[in-house]
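Undergrad: Here's my sequence, what's the structure:
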Amino acid sequence: MIAWAMLLTLTEAICITMDSCGRSQRRVLPESASRAQQTLPPRLARVNGWSKPLHGYQAVSWAMFVTLALAMFGIFIPMLPGMWKYIVYGVSGGMLLFHVIVYLVCVSIDPGEDNVRRKKIYSEPVPTFDRSKHLHVIEDLYCCLCKVTVSEKAKHCRACNKCIAGFDHHCKWLNNCIGSRNYWWFFSSLSSALAWLLCVVSILLYIVIQHQVDPRVLRTDPHYQNITSQNTWLLFLPYFHLKAKTPVFVTITVLVLVLDLISLLMIGQLFIFHLYLMSNGMSTYNYLNRSRRHSSDASSRNKIPSLRKQILPE
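TA: Here you go, the predicted model:
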């Protein structure tokens, strides 16, 4: 039940993302909303995750991973005993490097439809959708905004302002749409981040346990030979010898562990969610549409008993 509640929380978060950038264009807006939308100035289509405007979630994700990387390679891995230190340097460094590569590729790929990329619509503003002329953005596999024919699974994303091939969802953390052209890069980025975070939490838990059992095991680096106080720890070895007292070291360890667990929880839920989608042959967009239909059907069924009470005599 806890796992299912976590999954529902994730779904709600994705719904918010979808509502802000890729809500189904099949729904007719009220006249007042339609007029307000027509007054919006035309915007340029975004090429990929590096196109402006950049999203604040990007900065948050970068800050979290940079913080974890600095803490791991500068503070905690140098404390590991013997050859384990160099083994973890290689394994953890390789995992992080792989994640950075697939992340950069996923962000840099243009997920747009083939005809959108061939037309190169990025140099001029895309017109604003006018519901007085068209009922839907895409009609008969033709986008009235991009002015190109599109594939059956294409959707026009509001945030990217273009049609996305095999649209899955718009990711604020990557500031890019996820579609058929970059979905596996996205999933590889997700998987590698999860694997690296599991590696990080394993190292942190080892250090926390070892600090309680026998702290001397964490002080085998040669630079500790000149440190007489057991209450002093050296950070950012071997290049810097920043001294810190035990309360400071423990505080840093706890904060990094909490940050890692939060990241692990968020990415772990998303990873499980996409495994579920792949096992059922669904996209995020399809899943949310199905959830909306079920919610709508459930609300309709709940209204029937109340209508009967109002119509039928007691």
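
Undergrad: now the strands for the stretch 151-300 of the chain?
TA: Taking DSSP state E, counting those that start in this stretch as the criterion, the stretch 151-300 of the chain carries its strands at 155-157, 162-164, 169-171, 176-178, 232-235, 242-245.

Undergrad: Show me the one of these that comes nearest residue 136.
TA: Smallest distance to residue 136 across those (C-beta to C-beta): 9.4 Å, for strand 155-157. No exception for glycine: its C-beta is placed from N, CA and C like everyone else's.

Undergrad: who touches the closest one?
TA: 21-22, 25, 137-138, 143, 145-146, 162-164, 167, 170, 177, 285 (C-beta atoms under 8 Å, 6 or more residues apart in numbering).

Undergrad: Once you drop chain neighbours, what's closest to residue 114?
TA: Nearest residue to residue 114, sequence neighbours excluded (C-beta to C-beta, 6 or more residues apart in numbering): residue 165, at 6.8 Å.

Undergrad: didn't that neighbour look like it was pressed against residue 146?
TA: No: using C-beta atoms under 8 Å, residue 165 makes no contact with residue 146, being 11.7 Å away.

Undergrad: what is in contact with the two at once?
TA: Joint contacts of residue 165 and residue 146 (C-beta under 8 Å, 6+ apart) are residue 113.

Undergrad: how many other residues sit next to the residue nearest to residue 114?
TA: 23 (other C-beta atoms under 10 Å).

Undergrad: Residue 290 now?
TA: Based on other C-beta under 10 Å, the number of other residues close to residue 290 is 11.

Undergrad: Name all residues that make contact with the residue nearest the centre of the chain.
TA: In the chain, the C-alpha nearest the mean C-alpha coordinate belongs to residue 173, at 4.5 Å (C-alpha atoms, centre = their mean). Neighbour list for residue 173: 55, 57, 58, 60, 61 [criterion: C-beta under 8 Å, 6+ apart].

Undergrad: Please list the outside residues in contact with stretch 110-122.
TA: 44-48, 146-151, 154, 160, 162-165, 176-182.

Undergrad: rerun that using 6 Å as the cut-off
TA: For stretch 110-122, the surrounding residues in contact (C-beta atoms under 6 Å, 6 or more residues apart in numbering) are 45, 47-48, 146, 148-150, 154, 162-165, 177, 179, 181-182.

Undergrad: Any of the residues you listed buried? List them.
TA: Buried members of the contacts of stretch 110-122, counted by 16 or more other C-beta atoms under 10 Å: 45, 47-48, 146, 148, 150, 154, 162-165, 177, 179, 181-182.

Undergrad: among the residues you listed, which two are most distant?
TA: So, the buried ones among the contacts of stretch 110-122 by C-beta to C-beta: farthest apart are 148 and 182, at 19.5 Å.

Undergrad: that older thread, residue 268 is nearest to which of the strands of the stretch 151-300 of the chain?
TA: Set against residue 268 and scored by C-beta to C-beta, those come closest in strand 169-171, at 16.4 Å.
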